[in-house]
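> Compute the structure for the input listed below.
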Amino acid sequence: SLLVFNSLQIHVHREIPDGISVPTELQSVDDYPDNQFTFSVKHLAPISLTCLMPPSYLSHHPPYFFLSVQWLDTVKVSTLCHMLESIWAHQSAQEVVFEWVQGFTLSHLGFDGGIIIRMSDSTMAPVDARVVGEILSVEDVVQRLINYDEEQCLETFIRGLHVCAICFIRENTTDTVYIGH
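A predicted model of the protein is given here:
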């Protein structure tokens, strides 16, 4: 017999209004002799959680899931997979997807003091089969984080209301051309 699964994909966005420091450990860059580079972002690229709901969901089995986080190494994402399993173990036979999404806070991710981008040593810990995504270089991760943050900051600016520094009238940025801002 054929089993039918309901599925859903959730993109969890994290905005940090005050920004978060992101130190990196670069492989070998002449401009940074100590191989360290730090920048700040206010928006993190989304965490992608794909869930397949088996017919026995809630009564006996958790959703099957896949997890992708482009700014975390595969070992760290594997740790998140185990965290999701642990949440299910503590609330089996209850709706768990909402709790999973709530678990993706910076403190649960272990980043209260900032995010550190470095190459993972996947030989030290096995990578969970539910981790989806390509393995990127530190430089690629840094560029993607900076690009995503810039796009989101621009989008927030465009959607927002701003006070003109010349006439002090509050205008939506899509209705006003700002020169020199």
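> helices or strands next to the helix or strand harbouring residue 13 in the packing?
Element membership for residue 13 (DSSP states H and E) is strand 6-25. Using 3 or more Cβ pairs under 8 Å, 6 or more residues apart in numbering; DSSP states H and E as the contact criterion, the secondary-structure elements in contact with strand 6-25 are strand 36-53, helix 97-102, helix 138-159. In this view, the C-beta of every residue, glycine as well, is placed from N, C-alpha and C.
> Can you find the helix or strand in this structure with the smallest mean pLDDT?
Of all helical and strand segments in the chain, the minimum by mean pLDDT, DSSP states H and E falls on strand 170-172, at a mean of 65.
> which one of the helices and strands packed on strand 6-25 has the most crowded surroundings?
Mean neighbour count (mean count of other Cβ atoms under 10 Å) peaks for strand 36-53 among those, with a mean of 18.
> Send over it as PDB, restricted to the C-alpha atoms.
Coordinates of each C-alpha in strand 36-53 appear next as PDB, following Å, rounded to 0.1, in the frame of the first residue of the first chain:
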ATOM      1  CA  GLN A  36      40.400  36.900  11.400                       C
ATOM      2  CA  PHE A  37      37.700  39.100  10.000                       C
ATOM      3  CA  THR A  38      34.700  40.400  11.900                       C
ATOM      4  CA  PHE A  39      31.500  42.000  10.600                       C
ATOM      5  CA  SER A  40      28.000  42.700  12.000                       C
ATOM      6  CA  VAL A  41      24.500  41.700  10.600                       C
ATOM      7  CA  LYS A  42      21.000  42.500  11.600                       C
ATOM      8  CA  HIS A  43      19.400  39.800   9.600                       C
ATOM      9  CA  LEU A  44      20.400  36.100   9.400                       C
ATOM     10  CA  ALA A  45      19.600  34.000   6.300                       C
ATOM     11  CA  PRO A  46      16.600  31.800   7.100                       C
ATOM     12  CA  ILE A  47      16.800  28.400   8.600                       C
ATOM     13  CA  SER A  48      14.900  26.000   6.300                       C
ATOM     14  CA  LEU A  49      12.900  23.200   8.000                       C
ATOM     15  CA  THR A  50      11.100  20.700   5.700                       C
ATOM     16  CA  CYS A  51       8.700  18.300   7.500                       C
ATOM     17  CA  LEU A  52       7.000  15.200   6.200                       C
ATOM     18  CA  MET A  53       4.000  14.200   8.400                       C
END
